Each structure stands twice: as C-alpha cells, then as structure tokens.
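A.B. asks: fold the following, please.
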Amino acid sequence: MTQATFSKIKINGEEYILKFTFNAISDLEEHYQKGIFSVVQGATIGFNTVRNFYWAGMLWKNPNLQPHHVGAMLEQEMEENEDFDIQEHMEEAVKALTNSKAFKLMMKRAEAKQAREDSKN
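C.D. replies: Numbers count the residues shown, from 1 in each chain. Below is the predicted model:
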C-alpha cells in the first residue's frame, strides 16, 4: 500500500492539503537560496518558515497563491484560536514535505551516493 504523499491541515476550520511537488520544492529552494536538505536541516521554527512551507505546499492547488495570503490565513487563525501553536504548524509542514514523493526520491539518491562514498573509504 502506498503512503499518502500529502498532508491535511486545518486553518480557520477549513481543511487544506499540503502537497510538495517538484515545483513546490523548487520554489522553497529558490526562496531560501539553498537545497531542500539544507532548508529542512536549518529550518528554525518561526512564523516566516511556517508561512513559506504552507505556501509552497498549497501551490499545487492555487498557483497564484502568495506567501502573504497564507500569512493572512495564519494571522486570522492565531487571532481566533487561543490554542494556536506555531510549533504544531511547523511539524505538520515538515511532515508533509518529508513524506512527499519528490523528497523521498531525492533522499534515496542522496543515501545511495553516501553509501557509495562510504564503501570507497
């Protein structure tokens, strides 16, 4: 059975699907000016990071979506939900990214390359 390559999140009571496609990952790399592995390893939990990860993960459904649109959605959620937890949102974003097919394929290639290098030593 194939594992889902997307994650469902709720913002303001509305369900959204985060799906990290090739283009979404490319957009994150372009935004951060580094490869996706470096982005994930260096990701600090903050409003900007959550906003950007959610933005990239939602682009598949709405290619005209901009980070500030996602920021406005999160702002409303924060204002109306006293249990708003930025950490929880960050965990959901990273989980969606690392479960994506594109990320898994990149990870598999990186691990294979590392194994080849390790076997040479």
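A.B. asks: residue ranges for the strands of the protein, please.
C.D. replies: Taking DSSP state E as the test, the strands found in the chain are 7-11, 14-18.
A.B. asks: need those strands in TSV with mean pLDDT, can you?
C.D. replies: TSV is the format used below for the strands of the chain (pLDDT from 0 to 100):
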stretch	mean pLDDT
strand 7-11	90
strand 14-18	93
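A.B. asks: can you redo the ones you listed as JSON lines with mean neighbour count and distance to residue 41?
C.D. replies: Bear in mind the C-beta positions are built from the backbone N, C-alpha and C, glycine included. Formatted as JSON lines, those follow (neighbours: other Cβ atoms under 10 Å; distance: least, Cβ to Cβ, whole Å):
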{"stretch": "strand 7-11", "mean neighbour count": "16", "distance to residue 41": "20"}
{"stretch": "strand 14-18", "mean neighbour count": "15", "distance to residue 41": "19"}
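A.B. asks: of these, which is nearest residue 72?
C.D. replies: strand 7-11 (10.3 Å; Cβ to Cβ).
A.B. asks: which residues of the protein score low on pLDDT?
C.D. replies: For the chain, the stretches flagged by pLDDT under 70 are 1-4, 43.
A.B. asks: sorry, back to before: could I get the strands of the chain as a markdown table with distance to residue 30?
C.D. replies: What follows is the strands of the chain, written out as a markdown table (distance: least, Cβ to Cβ, whole Å):
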| stretch | distance to residue 30 |
| --- | --- |
| strand 7-11 | 22 |
| strand 14-18 | 18 |
